[in-house]
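Trainee: Just the structure for this:
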Amino acid sequence: MTTMKRLFICAAAVAALFSSQAFARNTIRTYPVAPALVSEPDKVGKDIPLYFAGQAHPRVVKSLGEFATNKKTNAFGKSDEDACQHVFLSAVRELQERARKEGGNAVINIKSNYENVERESATQFTCGAGAVVAGVALKGEVVKLKD
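Mentor: Numbers count the residues shown, from 1 in each chain. Prediction:
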């Protein structure tokens, strides 16, 4: 067999592998919020407090609306948990940025909304992870809380 033919066969095998069902995996799991929030130090701002569904918070002075995030990250070569924690932080940071933009000082009632299925939990978030991509979708209400 010629070198060119071997190269072609090898390339075809790699292409078939990457288009296989194994790479279409979408494993949906829940992960704990607390360790995710500290998994990458200094990623989450301390100026905008985050209150997940059911958590007590100071009195709301003004609601500035509910906002959603839908973040994806490269999961290739990472454990599902590591990829999910990383993308969770991106989603949380986006909610904090929205609060700053809207003039809020907190985000309350944060819940998972992966594949448009709302899941309320003060301690868990939902993440979908595949062989190459992981995703987290969150919803939260941007508010001004009493100081």
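Trainee: need the helix or strand of the protein with the lowest average pLDDT.
Mentor: Every helix and strand of the chain was ranked by mean pLDDT, DSSP states H and E. The lowest is helix 3-18, at a mean of 55.
Trainee: Return the distance of whichever helix or strand comes after it from the chain's centre.
Mentor: Counting by DSSP states H and E, the next helix or strand C-terminal to helix 3-18 is strand 27-32. In terms of CA atoms, centre = their mean, to the nearest Å, the gap separating the centre of strand 27-32 from the centre of its chain is 10 Å.
Trainee: List the residues that contact the residue nearest to Asn109 when sequence neighbours are not counted.
Mentor: Leaving aside its sequence neighbours, Asn109 sits nearest to Glu141 (CB to CB, 6 or more residues apart in numbering; 4.9 Å). In this view, the C-beta of every residue, glycine as well, is placed from N, C-alpha and C. By CB atoms under 8 Å, 6 or more residues apart in numbering, the residues touching Glu141 are 63-67, 107-109.
Trainee: Buried by neighbour count: which residues of the longest strand along the chain qualify?
Mentor: Secondary structure of the chain per DSSP state E: the longest strand is strand 60-74. Residues 64, 67, 69, 71, 73 are the ones in strand 60-74 that count as buried (16 or more other CB atoms under 10 Å).
Trainee: Out of these, flag the one nearest to Asn113.
Mentor: Lowest distance from Asn113 to these (CB to CB) belongs to Thr69, with 8.5 Å.
Trainee: right, and that closest one touches Glu94 too?
Mentor: Yes. If you go by CB atoms under 8 Å, Thr69 and Glu94 touch, sitting 4.4 Å apart.
Trainee: low pLDDT regions in the chain?
Mentor: For the chain, applying pLDDT under 70 flags the ranges 1-23.
Trainee: longest helix anywhere in it?
Mentor: Identified as the longest helix of the chain according to DSSP state H is helix 80-102.
Trainee: name the helices or strands packed onto it?
Mentor: strand 27-32, helix 33-37, strand 50-52, strand 60-74, strand 106-112, strand 124-129, strand 133-145 (3 or more CB pairs under 8 Å, 6 or more residues apart in numbering; DSSP states H and E).
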